[in-house]
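Colleague: Quick check, what structure comes out for this input:
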Amino acid sequence: MSKGADSTALQQPTFPLKAPGTAVIHAGPHQSPRIVSVPTRCTEHVIELPEGTNLFAALEQALTGFSVPGIMAEFVSGEFGHIDYVHPAYGPDAEHPMSFTQVFTVDAPARLRHAAATIGWRDGSPFCHIHASWTESEGTVKGGHLLPGTTAGTNGLTVRLFALPDVRLISDSDPETGFSTFAPHPVTPAHATASASSELDLAEAARPADAVVTRVRPGEILDEAVLAVCRAAGFDSAEVVASLGSTTGAVFTGGTAPWPAVEFTHLSGVVTGATASGTQRPAPQISLSGEVVDVDGEVSSGILESGANPVAVTFELFVRRTA
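Modeller: The predicted structure is shown next:
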């Protein structure tokens, strides 16, 4: 059972609304660069969170468990036992059109649909950012930005972790948007080599980067940012997984979700021919699909329309080389 205001009681806008996909210029000072990427090695792990597990504590502990400064994660299966969450809301005025709702609570088991997480640091302590969607017992689909206190349900949760030894993920206040956001910071090769304790560790430290973690700033077009990241990293073919963030509404090939912000509970996709050049090679191809929760608390999904989805506040993007 969910507790909290229904959609009719949600804060309504006091300013004119724009079409989904219309970029927002935030009130704070414009920051550069707009796309911040750090290449990294990546190792994949699957963990099981049994009933009653405090989701945030368990994922934050994984940083120590796998001895890495950053982790991206996607949830595979299972259920939640208790959920505390918020979702996007209208802000106070046209200069600050985005905000969050009051806290909602789900007190009964809810089946996982999608979830993704960034696990890193805030003020020197482990910190976790999670977006998720779920199906409640009566069939209602909900989603949003999870809060500490959320737990695994009777059937537990299976989570796929991407441990990243070369990037420290740090959440800090963003002067442009006024929100706290994650950004990747490189771990120096000297530090990685010093931490190696065997020939095997040294060989691992010398392994080339096979993934990139990126912070995408407001206004950047999501699929164009993915392609730019692949080109900069030299990834001709790549996959997008375990990514989360927001766009200014959502424009799918078969529908839309309303402006000014939606949060992605799931983003996946493929890129081919990213480094193509010349007339003899096919043009790059990129396909992204995702699921979002909007300002009405509604969940929708589909294939993203090319060139139509600007980032709203931030996007925490994770791209893995496939060729």
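
Colleague: what ranges do the helices span in the stretch 1-150 of the chain?
Modeller: 55-65 (DSSP state H, counting those that start in this stretch).

Colleague: so where's it uncertain?
Modeller: Where the stretch 1-150 of the chain drops to pLDDT under 70, the residues are 1-8.

Colleague: can you confirm Leu224 is in a strand?
Modeller: You called it Leu, but residue 224 is Glu. No. Glu224 is assigned helix when assessed by DSSP: H, G, I helix; E, B strand; the rest coil, not a strand.

Colleague: Once you drop chain neighbours, what's closest to it?
Modeller: Closest residue in space to Glu224, ignoring its immediate chain neighbours: Gly307 at 6.7 Å, by CB to CB, 6 or more residues apart in numbering. Any C-beta I mention is one placed from the backbone N, CA and C, and that applies to glycine too.

Colleague: so who does the nearest residue to Ser237 once chain neighbours are set aside touch?
Modeller: On the basis of CB to CB, 6+ apart, the spatially nearest residue to Ser237 that is not a chain neighbour turns out to be Ala323, at 3.8 Å. Counting by CB atoms under 8 Å, 6 or more residues apart in numbering, Ala323 touches 235-237.

Colleague: Which pLDDT does the model give Ala323?
Modeller: Ala323 carries a pLDDT value of 78.

Colleague: let's have the chain start at 403 instead
Modeller: Fine by me, first position is 403 from now on; the one you just mentioned is Ala725.

Colleague: how far away is it from Asn456?
Modeller: 39 Å (CB to CB, to the nearest Å).

Colleague: now Val543
Modeller: Where Asn456 is concerned, Val543 sits at a distance of 24 Å (CB to CB).

Colleague: Just the element for the closest residue to Glu446 other than its chain neighbours, please.
Modeller: Once flanking residues are discounted, Glu446 sits nearest to Phe564: 5.9 Å by CB to CB, 6+ apart. Here Phe564, judged by DSSP states H and E, is contained in strand 553-566.

Colleague: next structured bit after that strand?
Modeller: From strand 553-566, the next helix or strand downstream (DSSP H and E) is strand 569-575.

Colleague: Just the buried residues of stretch 642-659, please?
Modeller: If you call a residue buried by 16 or more other CB atoms under 10 Å, then stretch 642-659 has these buried ones: 642-654, 658-659.

Colleague: Point to the residue nearest the middle of the protein.
Modeller: Leu646 (1.4 Å; CA atoms, centre = their mean).

Colleague: Enumerate the beta-bridge partners assigned to that residue.
Modeller: Beta-bridge partners of Leu646, counted by DSSP bridges, are Glu718.

Colleague: what does Asp486 give?
Modeller: Thr507.

Colleague: How about Met500?
Modeller: Assigned bridge partners for Met500, using DSSP bridges, are Tyr492.

Colleague: Distance of it relative to Asp696?
Modeller: Met500 is 12 Å from Asp696, by CB to CB.

Colleague: In JSON lines: the contacts of Ala725, plus pLDDT.
Modeller: Compiled in JSON lines, these are given as follows (pLDDT from 0 to 100):
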{"residue": "Phe637", "pLDDT": "97"}
{"residue": "Asp638", "pLDDT": "96"}
{"residue": "Ser639", "pLDDT": "97"}
